[in-house]
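> curious how this folds, go ahead:
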Amino acid sequence: MRTKIIAVNAVIVVLVGLLSFTLVRSALVSASSNTALLLNDARHDAQASSARLQLDGLRMERWLAGKASEPATIDVLGKASPAARGEAATALCDAIFTGAKQSPMFGGAVPSLVVLVDAQGKSIGRNGSNLGRGDDLAALYAGLKDALATGHSGSDVWVNPERNDQYLASYAPVRSDTGKVVGAIIAGFTLNDELSRVSDATTGRPLKLVMTRGDDVGIVANSANGGGDALNEIVTKTAKDAVKGALASGHVAATSADEMIVAVAPIEGFGDGKRAAMVSAKPASLLENVSGMILPLIGGATALGLLLVVVAGWLLGSYVTGPIAELEEGLLAILNGQTDKRFQLDHPDLGGLAFRIDQLLNQLMGIEEDTTDDEGRVSKAPSATNFSDAMSVEQDGAEGMDQAALQQLAKEPPDAYYARIYSEYIGAKKGLGESTDHITETAFRSRISAMELDASNKYGKPVRYKVQVRGREVVLLAIPLG
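Reported below is the predicted structural model:
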């Protein structure tokens, strides 16, 4: 029984747990997957990231403009020989690099590249190396060429696989004392590092910098939390049209693809503003792992429920099976001949059943039930079920009897009286063909004594009984004495 109780309740707990998990998960997924809200948030993320990138470029432009106006910079470009200009340019670029490193404006971010170019955009020298002197950077990057021509500062995304260039480049023109543009100072931050700083300062989510290459979209830089190859494929394939559309229109765009929200914001003010864009990606749900979040809660509650079911089932089974086993053993003993076996079972639920079984055994075996309380008083009228006609009583039995017969009945000794009336009752029953095996003299005498007591209280005088047969019924007649 214990196993069945535990098994049934365990199944119920598991079903309730599964249903709770399904309903809670469905509600959380529905509440955390508002596509319109998520798309709008993604647009803001991409726009904020693009703005932060442009801000970093503008900040570097202004700082470089200050360095470009210093006499030491102008003096380098005025050196007579190329070798002298080259050495002086390298020293100047190293000094600018150190100054940027120490400047609180950049928060510890250091440009990887510092270059001084002449008025035609050719490299004179760079920080930390003599390499690249004479490279025509203006021919490679149109933004720099335009800055030298107009005398305006600017920033651009420099990507050139052949030169291994991957910079967020900012530049400021250098003017002579007469105001003529004689060169420019360039500082470049590695794009991956810059995107990581932008991500930390804005969304905290994966960022990618993309550029168009003909009809294709290429990823040129990733933040440190770039999202891996799966996100790269989403950006370049699934969300390709959104990227191209944002670059063509100059407006922020967002789309949902493969359980991700991808937003694209063109980088304005860099180059021609049509080539590079910032891509921000976020899950298509505010809760990235709903199942993982609620499983410990629902699973823990279910496990606790199963544990309580096992404990409660074991206790309940013991509460029921113990008394049942006692009843079974007792009945088996009775079947094996122990006819005096009775059940003294003190149990709130099965005690009544045990009492009824005792009553049934007494009836079947013709044993009068003890109806007295602890002080020997009669607690209820004796049962009539020990012999069927015990209730067939008439109260006017003295009618027709003479005085001598009444005196003789009154003087008859009790033992002789009870033995005689029992013998007459059994004889009358047998004369009618009824079974009397279950009627014992002790039970009969006890029953008659109780009946006499009740009748005496009614008549106010002693009462005895006589047996009379009326048709197919044996009747006991009450005879008041005195």
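
> tell me which helix or strand residue 300 sits in.
helix 290-335 (DSSP states H and E).

> equivalent analysis for residue 57, please.
Using DSSP H and E, residue 57 sits within helix 35-68.

> next SSE downstream of that helix?
Using DSSP H and E, the helix or strand that follows helix 35-68 towards the C-terminus is helix 71-77.

> which SSE is immediately downstream of that next one?
Note on helix 71-77: by DSSP H and E, the next helix or strand toward the C-terminus is helix 82-102.

> for that following helix, what is the distance to the chain centroid?
Distance, stretch centre to chain centre, for helix 82-102: 62 Å (CA atoms, centre = their mean, to the nearest Å).

> begin at 11, not 1, for the rest of this chat.
With the count now opening at 11, the last piece we talked about shows up as helix 92-112.

> against which helices or strands is it packed?
helix 45-78, helix 81-87, strand 123-128, strand 133-136, strand 191-200 (3 or more CB pairs under 8 Å, 6 or more residues apart in numbering; DSSP states H and E). Every C-beta, even on glycine, is put in place using the N, C-alpha and C of the backbone.

> same thing but 6 Å
helix 81-87, strand 123-128, strand 133-136 (3 or more CB pairs under 6 Å, 6 or more residues apart in numbering; DSSP states H and E).

> how about these in CSV, adding distance to residue 310, mean pLDDT and mean neighbour count?
Output for the helices and strands packed on helix 92-112, formatted as CSV (distance: least, CB to CB, whole Å; pLDDT from 0 to 100; neighbours: other CB atoms under 10 Å):
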stretch, distance to residue 310, mean pLDDT, mean neighbour count
helix 81-87, 68, 89, 17
strand 123-128, 55, 93, 24
strand 133-136, 61, 92, 23
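
> reformat those as a markdown table; add distance to residue 293.
Output for those, formatted as a markdown table (distance: least, CB to CB, whole Å):
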| stretch | distance to residue 293 |
| --- | --- |
| helix 81-87 | 49 |
| strand 123-128 | 35 |
| strand 133-136 | 42 |
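
> where does the prediction get shaky in this protein?
Scanning the chain with the threshold set as pLDDT under 70 gives 11, 39-44, 281-284, 295-298, 300, 376-410.

> in it, which spans are strands?
Remark: strands assigned in the chain by DSSP state E are 123-128, 133-136, 164-170, 175-185, 191-200, 217-223, 226-232, 263-267, 270-276, 286-293, 403-404, 473-480, 483-490.

> reformat those as CSV; add distance to residue 424.
Converted to CSV, the strands of the chain look like this (distance: least, CB to CB, whole Å):
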stretch, distance to residue 424
strand 123-128, 133
strand 133-136, 139
strand 164-170, 129
strand 175-185, 127
strand 191-200, 125
strand 217-223, 115
strand 226-232, 117
strand 263-267, 106
strand 270-276, 106
strand 286-293, 102
strand 403-404, 19
strand 473-480, 9
strand 483-490, 15
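
> and residue 29, which of those strands is closest to it?
Among those, the nearest to residue 29 by CB to CB is strand 286-293 (26.4 Å).

> buried residues, stretch 359-372. List them.
360, 364, 367-368, 371-372 (16 or more other CB atoms under 10 Å).

> show me the residues you listed that map onto helices.
With helices taken from DSSP state H, the overlap with those comprises 364, 367-368, 371-372.

> ok, now which ones touch residue 178?
Contact analysis of residue 178 by CB atoms under 6 Å, 6 or more residues apart in numbering lists 199, 201, 204.

> so which of the strands of the chain is nearest residue 445?
strand 483-490 (13.0 Å).

> what pairs with the closest one, and is each one parallel or antiparallel?
strand 403-404 (parallel), strand 473-480 (antiparallel) (DSSP bridges).

> got the ones you listed as a markdown table, with mean neighbour count and distance to residue 235 columns?
Formatted as a markdown table, those follow (neighbours: other CB atoms under 10 Å; distance: least, CB to CB, whole Å):
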| stretch | mean neighbour count | distance to residue 235 |
| --- | --- | --- |
| strand 403-404 | 14 | 102 |
| strand 473-480 | 18 | 107 |
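
> measure the residue of the chain positioned farthest from its centre to residue 476 for me?
Here the chain reaches farthest from its C-alpha mean at residue 414, the gap being 96.7 Å by CA atoms, centre = their mean. Distance of residue 414 to residue 476, given as CB to CB, to the nearest Å: 15 Å.
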